[in-house]
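# Next comes the sequence, and after it the predicted model I'd like to discuss.
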Amino acid sequence: MHKGLPGPMKPFRIPLLFLCMAGLCLAQNGTPPPPAPSSTASEAGDAWLEIDSSKIDTAALTPRGRQVLELEDIHWRHAQTPHFVIHFEQAIFARKVARMAEFMHGYIAGDLQGVSDHAEGRSHIFIFRSPKRWEEFRSVLPDVPAWSFSQVENTVLFLQQADDTQTSGAILAHEMTHIIVNRFFPGDCPLWLNEGLATYYQEFGYAAFKGIKKSRRAQFTKLKEIYPLKNLLSLTDYPSQDWQIDSFYETSKYLVGFLLLDKPPTLFTPFMEDMIGDMAPPDAFLKHYGIETLQELEKQFRQFAQ
């Protein structure tokens, strides 16, 4: 694995359960976790600055992002916040995206103990305001799957605006986690860990953004179907069947929740760094959590999930 920012495009399928999530946020002892400063969201709005194309911070812009900037039929406008450049056509929705992006950055940074932002330059978010615009994007980038609704590439997010704010917000929270993980952890994140974190913060980060606070632990009710952990930990591509997709995402989220809520939270960041650094999962679980075998991991996880 290369040690730069992750290269593969990350598609986001939207199982129905994702669109119904009500996010809830409290620490494992029932009290609120140390949040990002309460002014984070408003500061992002205040920091919004529309800029000319000649002033765009391109330090973290990928070749694919540069190609999208040059699409002839889209007359991009541009704005920047402390950590992001927003490319858009309609400012009202773009401002909402910017506020949530900055909130999620601060929230995840405050929630994952010991992380820091290693990226040079601002991340880029391209907002496609309609299915027609998204198809124009896909027409020049044929490797983007027809079923995808958004894409993350390194520190760049290609986002299709959904028909309703709730759906757009859930999608953005999920994909923002991918971008932020890429900023905080240079390297290729294992699939289950990457999607588990994104699904975890899609629920709890988006809820915090909306001001909803309830016990995280209480939200991890009985998991109906566990994706086999032996297979989950070795996956390098998404399952092919829809029923497996749902199980994959939910089991990944629960495994992240197990590590963050049932184990000392200070262990998670060094565990993740070792996983991104190519350490084999059994070695990483043994080193950081004292879990010696896959059987022991399954036993402890089932106690948490079921």
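Noted; the coordinates are in hand. Being a predicted model, the structure only gives us computed values, none of them experimental.

# what secondary structure does residue 152 sit in?
strand (DSSP: H, G, I helix; E, B strand; the rest coil).

# so it touches residue 181, yeah?
No: in this structure residue 152 lies outside contact range of residue 181 using CB atoms under 8 Å: 9.5 Å. C-beta here means a position set from N, CA and C on the backbone, and glycine is covered the same way.

# who has more neighbours, these two?
residue 152 (27 against 22; other CB atoms under 10 Å).

# what's across from the more buried one in the sheet?
residue 10, residue 157 (DSSP bridges).

# mind checking pLDDT for it?
Residue 152 carries a pLDDT value of 88.

# Quick one: the strands in the stretch 1-150 of the chain, in order.
10-11, 49-51, 77-80, 84-88, 123-128, 150-153 (DSSP state E, counting those that start in this stretch).

# Same list, these, but as TSV with distance to residue 140 please.
TSV is the format used below for those (distance: least, CB to CB, whole Å):
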stretch	distance to residue 140
strand 10-11	17
strand 49-51	24
strand 77-80	20
strand 84-88	15
strand 123-128	12
strand 150-153	13
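
# Nearest to residue 245 among those would be which one?
The closest of those to residue 245 is strand 10-11. By CB to CB, the value is 11.0 Å.

# Could you check how far residue 305 is from residue 196?
Distance, residue 305 to residue 196, by CB to CB, to the nearest Å: 12 Å.

# okay, and the common contacts of those two?
residue 254 (CB atoms under 8 Å, 6 or more residues apart in numbering).

# So those two - more neighbours on which side?
residue 196 (27 against 18).

# I'd say the more buried one and residue 248 touch.
No: assessed by CB under 8 Å, residue 196 is found out of contact with residue 248, at 9.4 Å.

# Near the residue lying closest to residue 234 once chain neighbours are set aside, how many other residues are there?
Spatially, and ignoring its direct neighbours in sequence, residue 234 is nearest to residue 281 (7.9 Å; CB to CB, 6 or more residues apart in numbering). Residues contacting residue 281 under the criterion other CB under 10 Å number 20.

# and what of residue 55?
Residue 55 has 12 nearby residues by other CB under 10 Å.

# so how far is residue 280 from it?
45 Å.

# Sketch out the low-pLDDT regions of the stretch 1-150 of the chain for me.
Across the stretch 1-150 of the chain, the ranges flagged by pLDDT under 70 are 1-46.

# Which parts of it are helices?
16-19, 40-47, 63-69, 91-111, 131-140 (DSSP state H, counting those that start in this stretch).

# Now do the buried residues in the fourth one.
Right, the one you point to is helix 91-111. 93-109, 111 (16 or more other CB atoms under 10 Å).

# for the third one, same thing?
Using 16+ other CB under 10 Å as the test for burial, helix 63-69 gives 64-65, 68-69.

# now stretch 207-227
207-209, 213, 215-217, 219-220, 223, 226-227.

# Need the three-state assignment for residue 159.
strand.

# Any figure for the gap between it and residue 126?
In terms of CB to CB, residue 159 sits 7 Å off from residue 126.

# Mind telling me which residue is nearest the centre of this protein?
residue 177 (2.2 Å; CA atoms, centre = their mean).

# Nearest to residue 134, out of the strands of the stretch 1-150 of the chain?
Within these, the stretch nearest residue 134 is strand 123-128; the backing value is 4.6 Å (CB to CB).

# hmm, who's touching the closest one?
Contacts for strand 123-128 (CB under 8 Å, 6+ apart): 60-62, 65, 68, 76, 83-90, 93-94, 97-98, 101, 134, 136-137, 155-161, 179, 183.

# what do you get for stretch 66-80?
48-53, 56-58, 61, 85-89, 91, 94-95, 98, 122, 126, 133, 136-137, 140-141, 158.
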